[in-house]
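Visitor: Sequence plus predicted model, see below.
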Amino acid sequence: MAPDSSVPIKVYENLSDLENLHGDWDTLLEAFPSATVFSTLEWLIPWWRAFAGRDQLRVLGWRNSSMRLTGMAPLALTMHRSFGAKLRLLRFMGDGSHDSDNLDLLVIPGCETDFSRTLLDWLERSKGWDICRLNTLPAESPAGNQLLQDLRARGWRVFTSTRPWSVIDLRENWDAYIKSLSSKERGKIGLRTRRLEKHYKTVCIRRCVEESELDGALEALFELHTKHWQLRGLPGTLVVPARRQFYHELSRRLLAKNRLEFWLLELDEKIVAAQFGLRYGKTVFSLQEGFDPSYSADSVGYVLRGNVLKHLIGEGVRFYDFLGGTDESKIRWGANVKHYLNIEFARPYTRGSLHLVLKNKIAETKRSLRTRLRSRGPRRK
């Protein structure tokens with residue numbers, strides 16, 4: 001099952017090669033227990049078309065002696081300027097636009113050690129990079145943790161950090177889930193839904209299931225999201241043309257695979273709230289949302305979320321993932337806080353290694369200074 005050293009690593013440098021790999025890639029994901037939608041080509045290819053710019057693909061593939069695909073490192077090369085230096089940065093395909101989470105090294109279970117060592121051997125031979133930065137790995141990533149262990153064993157310069165994310169472990173049925181919430185939250189969902197039904201002629205909560213309705217629903221999402229952020233004096237992320245392009249292609253690819261969870265709330269035939277999610281296995285990822293501020297008193301976003309959760313639990317979904325960040329609006333739904341792992345490394349005695357040392361010394365100095373200032377407290381007048 002492990003990668004065969006006699007079979008050379010294949011480097012994929014264009015999208016057409018990845019498209020041709022689609023069947024093997026999907027088979028690998030089926031054998032990869034922690035796979036998420038962010039590691040699928042349905043996500044990565046639209047992302048690349050929208051955001052890659054001048055970046056170059058460096059997707060690495062390993063096969064065993066039977067030519068079965070056993071591991072993938074979906075990487076890309078970009079130019080990175082920091083402290084006046086121009087560096088060649090290797091990072092995950094999908095990283096760089098703040099859209100992708102749960103990026104990972106894809107390896108068949110039991111092959112992590114061979115995969116990690118083979119990857120580091122390739123990186124040691126390749127001189128076309130200065131720093132490798134692997135962001136938003138799941139903290140329990142088998143290949144990520146094996147790689148971290150091997151980096152330290154080889155004496156490579158490596159730094160790590162974490163980032164919080166929030167996910168609800170859903171119960172086996174709606175009643176059990178409701179009972180897991182605080183007493184304050186339990187009655188809100190039904191009460192606020194009934195209030196909408198009392199105040200409006202028609203209340204419709206529906207999921208987009210036809211390609212013909214996607215364009216109109218996406219435009220509603222873009223508008224609602226922008227309105228919400230404009231109240232804060234900010235444009236919001238969905239005004240960016242590249243991101244809109246990404247959502248249009250992504251939604252079609254996901255819908256074709258039955259992985260799109262795009263939900264709308266309509267009051268009197270007007271869309272007032274939208275939530276754009278992604279399904280993979282028994283997990284739904286909440287990617288983006290928006291609601292009409294004119295209807296904030298009706299708690300339309302809250303009502304939509306509650307009804308979506310009820311429907312998903314009924315379909316057997318067991319995890320509802322809010323992705324990066326934590327705040328009260330996620331915790332009140334019963335979300336648990338977990339952490340992503342970020343790994344940044346470079347070969348010893350290289351300009352990349354010197355840069356990482358400088359960068360992290362500056363960051364540590366700033367943290368130490370903030371700690372000392374906080375311990376002193378405010379000055380007396």
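Guide: Received it, and whenever you're ready, just let me know what you need.

Visitor: so where's this structure shaky on pLDDT?
Guide: 1-7, 376-381 (pLDDT under 70).

Visitor: Could I get the full set of helices for it?
Guide: For the chain, the helices defined by DSSP state H occupy 15-20, 22-30, 41-51, 112-125, 142-154, 174-180, 183-186, 188-199, 214-230, 241-256, 300-314, 328-331, 351-376.

Visitor: want to throw those helices into CSV with distance to Ser294 and mean neighbour count?
Guide: Every C-beta, even on glycine, is put in place using the N, C-alpha and C of the backbone. Converted to CSV, these look like this (distance: least, CB to CB, whole Å; neighbours: other CB atoms under 10 Å):
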stretch, distance to Ser294, mean neighbour count
helix 15-20, 42, 14
helix 22-30, 42, 15
helix 41-51, 31, 21
helix 112-125, 52, 18
helix 142-154, 45, 19
helix 174-180, 29, 14
helix 183-186, 25, 11
helix 188-199, 13, 15
helix 214-230, 8, 17
helix 241-256, 23, 17
helix 300-314, 10, 20
helix 328-331, 20, 14
helix 351-376, 41, 12
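
Visitor: Okay, domains of this protein per the record?
Guide: The chain breaks down by automatic domain parsing into domains covering 10-164+339-372, 171-317.

Visitor: show me the contacts for Lys338.
Guide: Ala139, Pro164, Trp165, Ser166, Val167 (CB atoms under 8 Å, 6 or more residues apart in numbering).

Visitor: and the end-to-end length of stretch 152-163?
Guide: 21 Å (CA to CA, to the nearest Å).

Visitor: before we move on, back to that, mind checking which of the domains of the chain is nearest Glu328?
Guide: Of all these, it is domain 171-317 that lies closest to Glu328, at 11.2 Å by CB to CB.

Visitor: follow-up on the earlier one: looking at the domains of the chain, which is nearest to Lys330?
Guide: domain 171-317 (8.9 Å).

Visitor: what distance separates that closest one from the centre of its chain?
Guide: Put simply, domain 171-317 sits 18 Å off its chain's centre (CA atoms, centre = their mean, to the nearest Å).

Visitor: wait, which of the helices of the chain is closest to Trp263?
Guide: Of these, nearest to Trp263 by CB to CB is helix 300-314, at 5.1 Å.

Visitor: which outside residues touch that closest one?
Guide: Against helix 300-314 from outside (CB under 8 Å, 6+ apart): 168, 170-174, 177, 188-189, 192-193, 196, 205, 207, 261, 263-265, 267, 272-275, 277, 284, 289, 291-292, 320, 333.

Visitor: got a list of what Pro74 touches?
Guide: Ser39, Leu44, Val59, Phe92, Met93, Gly94, Leu103, Leu106.

Visitor: Kindly report the same for Asn336.
Guide: Ser166, Val167, Ile168, Asp169 are the contacts of Asn336 under CB under 8 Å, 6+ apart.

Visitor: contacting residues for the second one?
Guide: Same thing as Val167. Val167 touches Phe319, Tyr320, Asp321, Phe322, Ala335, Asn336, Lys338, counting by CB under 8 Å, 6+ apart.

Visitor: distance of the second one from Leu105?
Guide: Read that as Tyr320. 25 Å (CB to CB, to the nearest Å).

Visitor: again with the fifth one
Guide: Applying CB to CB, the value for Ala335 to Leu105 is 26 Å.

Visitor: Of these two, which one has the most company?
Guide: Leu105 (25 against 19; other CB atoms under 10 Å).

Visitor: Distance of the closest residue to the more buried one other than its chain neighbours relative to Gln149?
Guide: Distance criterion CB to CB, 6 or more residues apart in numbering; nearest residue to Leu105, sequence neighbours excluded, is Ala143 at 3.8 Å. Ala143 is 11 Å from Gln149, where distance means CB to CB.

Visitor: what residues are shared contacts of those two?
Guide: Joint contacts of Ala143 and Gln149 (CB under 8 Å, 6+ apart) are Ser116.

Visitor: list the contacts for the closest residue to Leu358 other than its chain neighbours?
Guide: Excluding the flanking residues, the one nearest Leu358 by CB to CB, 6+ apart is Phe83, at 6.5 Å. Residues counted as contacts of Phe83 (CB under 8 Å, 6+ apart) are His355, Leu358, Lys359.

Visitor: List the contacts of the first one.
Guide: The one in question is His355. Contacts of His355 (CB under 8 Å, 6+ apart): Ser82, Phe83, Ala85, Leu87, Asp130, Ile131, Ala346.
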